[in-house]
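J.: here is my input, please return the structure:
(one chain, ligands or ions: 2)
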Amino acid sequence: MPVDARFDPAATNGESADGQPSESRETAAPAGGATLQGIGVVAGIAASPALWARPRPQLPTDGPEVPEADRAEQKQQFDTAAATVSGRLQGRAEKAEGHAAEVLEATASLVTDKGWRRAVNKHVEAGVNAVVATVRATDTFVAKFEKIGGLMAERTTDLKDIRDRVVAELRGEPEPGVPSPDEPVILLADDLAPADTAGLDPEFVRGIATQLGGKTSHTAIIARQFGIPCVVGVGAALEGVEDGALILLDGERGEIETTPDPAKAKERADESAQMQAKIRAWSGPAVTADGTRVQLLANVQDGAGARAAAGTGLPEGVGLFRTELCFLSAQSEPSVETQAGIYREVFEAFPEQKVVVRTLDAGSDKPLAFATMPDEPNPSLGVRGVRIAFEQPGVLERQLDAVAVAAKGTGAEPWVMAPMIATVDEAKWYGEMCRDRGLIPGVMIEVPSAALMGDELLEHVEFFSIGTNDLTQYAMAADRMASQLSELTDPWQPAVLKLIKMAADAGQRAGKPVGVCGEAAADPLLACVLVGLGVTSLSAAAPALAAVGVQLGQATDDQIARAAQAAVTAPTGQAAQDAAFDILKGGK
Ligand code: PEP
Ligand code: MG
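T.: Residues are numbered from 1 along each chain as shown. Ligands and ions are numbered 1, 2, ... in the order given. As a prediction, this is how the structure comes out:
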């Protein structure tokens with residue numbers, strides 16, 4: 001059982017720091033245990049005995065008054081304890097690598113933070129002992145950070161962590177926190193502090209589950225770096241899991257199964273470990289099991305992102321450069337020269353390769369100060385994407401000029417596409433503007449009307465790129481930001497797949513490429529279905545590409561075609577997903 005004195009079950013009611021609900025959700029599991037629901041932050045499956053992080057020290061908030069003559073010695077004891085804790089963390093930082101080392105160093109320096117130490121000394125001067133002074137000073141900072149909320153509130157875990165370490169040191173107790181197991185375990189905790197997670201040994205810590213935390217918590221960041229399957233924000237129900245109990249953790253679905261069938265759990269964990277190893281080793285290019293090539297491209301938002309994506313060696317170019325994200329803080333329209341400088345960085349990251357630039361998709365969920373209509377009653381159905389060009393003449397033309405200037409001399413192929421195209425006239429007008437500048441024109445398929453009019457649109461442009469995020473939103477009339485509508489905003493919805501197929505069929509008839517650049521392309525199973533529907537390239541954030549590449553490599557062309565056919569004719573999104581899973585993975 002957890003004996004963590006810091007954990008207050010009341011704290012799990014309501015929202016976690018990233019706005020996700022953190023109340024425990026528990027459903028019955030087939031094996032007689034329960035399935036606890038949290039937030040999956042690192043994919044992968046682990047099945048091992050649970051092991052709780054070591055108890056934190058009891059924290060007194062009061063104690064007998066320390067005589068004035070002894071206060072200097074209390075200060076000295078605090079200084080010594082803080083120096084010891086800081087030194088220990090620093091030592092671990094030197095042995096660690098990458099982000100883990102940075103986190104340990106940052107925590108070590110927190111122990112020597114002047115503001116915190118001054119606050120502790122003040123309490124000692126007022127007559128309390130070093131332990132109580134440490135607790136009181138930390139409480140003040142924690143209360144302040146929690147009031148600010150958001151990321152600052154998440155950082156209170158770090159503060160509480162150094163408090164506990166210093167208190168344990170002052171009392172001569174062993175260091176609290178993560179144990180060092182010598183056999184595989186799934187580590188359970190209320191929340192892990194950076195210093196805890198940075199010292200993890202992934203050989204033995206096969207999974208991590210925490211009661212608290214969100215997608216941006218340190219637990220999530222470090223688990224991601226180590227590639228340890230991780231579920232955070234499980235809530236108070238996690239407390240019911242005993243040390244040593246076998247549990248199955250699914251980091252993709254964000255689930256913890258208690259008392260699973262041991263043989264089945266082991267089988268799932270072994271399969272997942274093999275898959276993870278393949279994903280880490282995958283180096284492209286993407287081909288199906290029958291050798292059919294599928295072009296994998298990267299979604300980027302600036303030069304730095306493009307260089308990072310190119311550095312992985314996986315993408316064959318850029319499939320979506322979201323230019324509007326470069327100007328989120330710009331108060332006025334950037335000059336052609338400024339824009340060209342930014343775009344050139346992306347072209348230079350992929351010399352001689354395909355780079356698909358999307359013209360400004362301002363408005364709705366991506367407002368730009370210089371290109372968004374104020375006070376629209378319904379912005380997602382309003383003047384957004386290419387429609388801005390009709391309200392603010394010149395903005396689009398100048399952007400295309402900048403793209404043409406940027407591409408010159410880089411050797412990159414400048415493909416440019418407009419978001420939110422809805423009519424044939426828009427495609428014709430856009431295509432002409434691009435050709436006048438020597439750019440290869442295409443349109444995004446995000447509005448259902450564009451998919452329905454695919455043949456006619458392709459008379460005027462050279463390619464399609466399907467934005468499944470918006471296509472789903474508009475096909476299902478469900479706001480993509482509304483988490484309570486997640487069943488409708490699911491690109492597995494057969495209605496969405498039918499529209500994708502219409503666009504892909506039009507591409508095949510015209511002999512022109514049709515890619516997907518929405519989040520659907522990052523889902524390995526759905527990516528196979530998209531290819532089966534006739535899509536010729538997939539574009540996603542670079543870290544997602546290897547998993548897609550591995551899944552494609554395991555599927556024959558026949559399986560891909562059958563999975564696509566089954567999904568597009570399924571009655572529901574869930575049925576489409578299940579049917580594709582059965583065909584591509586050979587049953588659950
Ligand atoms: C999409 O809608 O799928 C897309 C790729 O565009 P964005 O997510 O930037 O709106
Ligand atoms: Mg979109």
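
J.: what sits against the nearest residue to residue 353 once chain neighbours are set aside?
T.: Nearest residue to residue 353 in three dimensions, chain neighbours excluded: residue 317, at 3.9 Å (CB to CB, 6 or more residues apart in numbering). C-betas here are computed from N, CA, C, even on glycine. By CB atoms under 8 Å, 6 or more residues apart in numbering, the residues touching residue 317 are 295, 297, 298, 350, 353, 354, 355, 356, 413.

J.: least confident pick among the residues you listed?
T.: The lowest pLDDT within those belongs to residue 413, with 79.

J.: residue contacts, the residue nearest to that residue when sequence neighbours are not counted?
T.: The shortest distance from residue 413 to any residue other than its chain neighbours is 5.0 Å, reached at residue 354 (CB to CB, 6+ apart). The neighbours of residue 354, taking CB under 8 Å, 6+ apart as the test, are 297, 316, 317, 318, 319, 412, 413, 415.

J.: now, these that are in strands?
T.: With DSSP state E as the criterion, strands contain 297, 317, 318, 319, 413, 415 from among those.

J.: which one of those is nearest ligand 1?
T.: residue 319 (9.3 Å; CB to the nearest ligand atom).

J.: could you report the pLDDT at residue 14?
T.: pLDDT, residue 14: 29.

J.: meant to ask about residue 503, not that
T.: The score at residue 503 is 98. That number is its pLDDT.

J.: that one contacts residue 449, doesn't it?
T.: No. Applying CB atoms under 8 Å as the test, residue 503 and residue 449 come out as separate, 11.5 Å apart.

J.: which SS state does residue 299 fall under?
T.: In three-state terms, and counting by DSSP: H, G, I helix; E, B strand; the rest coil, residue 299 is strand.

J.: so it touches residue 538, yeah?
T.: No. Using CB under 8 Å, residue 299 makes no contact with residue 538, being 10.2 Å away.

J.: comparing these two, which residue is more hemmed in?
T.: residue 538 (28 against 25; other CB atoms under 10 Å).

J.: tell me the secondary structure for the more buried one?
T.: From three-state DSSP, the assignment for residue 538 is strand.

J.: one more: residue 223?
T.: Of the three states, residue 223 takes helix under three-state DSSP.

J.: got the contact list for the closest residue to it other than its chain neighbours?
T.: Distance criterion CB to CB, 6+ apart; nearest residue to residue 223, sequence neighbours excluded, is residue 230 at 3.6 Å. Residue 230 makes contact with 40, 41, 42, 207, 208, 209, 219, 220, 223, 224, 249, 251, according to CB under 8 Å, 6+ apart.

J.: pretty sure residue 549 sits in a helix.
T.: Yes. Using three-state DSSP, the assignment for residue 549 is a helix.

J.: ok, it touching residue 296?
T.: Yes. At 6.2 Å, residue 549 counts as touching residue 296 under the criterion of CB under 8 Å.

J.: assumed residue 46 was part of a strand.
T.: Yes. Counting by three-state DSSP, residue 46 is part of a strand.

J.: from memory it sits against residue 248, does it?
T.: Yes. The pair residue 46 / residue 248 is scored as a contact, 7.5 Å apart, by CB under 8 Å.

J.: what residues are shared contacts of the two?
T.: residue 269.

J.: neighbours around residue 240, how many?
T.: Using other CB under 10 Å, residue 240 has 14 other residues around it.

J.: so the closest residue to it other than its chain neighbours bridges to which residues?
T.: Leaving aside its chain neighbours, residue 240 sits nearest to residue 258 (7.5 Å; criterion: CB to CB, 6+ apart). As for beta bridges, residue 258 partners with residue 247 under DSSP bridges.

J.: hang on, the earlier thing: more crowded one of residue 549 and residue 296?
T.: More neighbours surround residue 296 than the other of residue 549 and residue 296, with 26 against 23 (other CB under 10 Å).

J.: ok, now which ones touch that one?
T.: Applying CB under 8 Å, 6+ apart, we find residue 296 in contact with 284-286, 314-316, 537-540, 545, 548-549.

J.: mind doing that once more with 7 Å?
T.: The contact partners of residue 296, taken as CB atoms under 7 Å, 6 or more residues apart in numbering, are 284, 286, 314, 315, 316, 538, 545, 548, 549.

J.: domain parsing for this structure?
T.: For the chain, automatic domain parsing gives the domain ranges 3-56+177-279, 68-171, 282-584.

J.: any residue of the last one touching ligand 2?
T.: Yes. Residues of domain 282-584 contacting ligand 2 under CB under 5 Å from the ion: 446, 467, 470.

J.: ok, and the closest non-adjacent residue to the second one?
T.: Right, residue 467. Nearest to residue 467 is residue 446, by CB to CB, 6+ apart, at 4.1 Å.

J.: next, that neighbour: phi, psi?
T.: Phi and psi for residue 446, reported as degrees, to the nearest 10, are phi -130, psi -20.

J.: so it is in contact with residue 419, correct?
T.: Yes. Using CB atoms under 7 Å, residue 446 is in contact with residue 419, at 6.3 Å.

J.: common neighbours of the two, please.
T.: Common neighbours of residue 446 and residue 419 (CB under 7 Å, 6+ apart) are residue 467.

J.: hmm, who's touching stretch 573-582?
T.: Residues outside stretch 573-582 that contact it (CB under 7 Å, 6+ apart): 487, 490, 492-494, 497, 525, 529, 563, 566-567, 570, 588.

J.: hmm, which of these are the buried ones?
T.: 490, 492, 493, 494, 497, 525, 529, 563, 566, 567, 570 (16 or more other CB atoms under 10 Å).

J.: assign the second one to helix, strand or coil.
T.: I take that to be residue 492. Secondary structure, three-state DSSP: residue 492 is coil.

J.: show me what contacts it?
T.: Residue 492 neighbours (CB under 7 Å, 6+ apart): 526, 567, 573, 576, 577.
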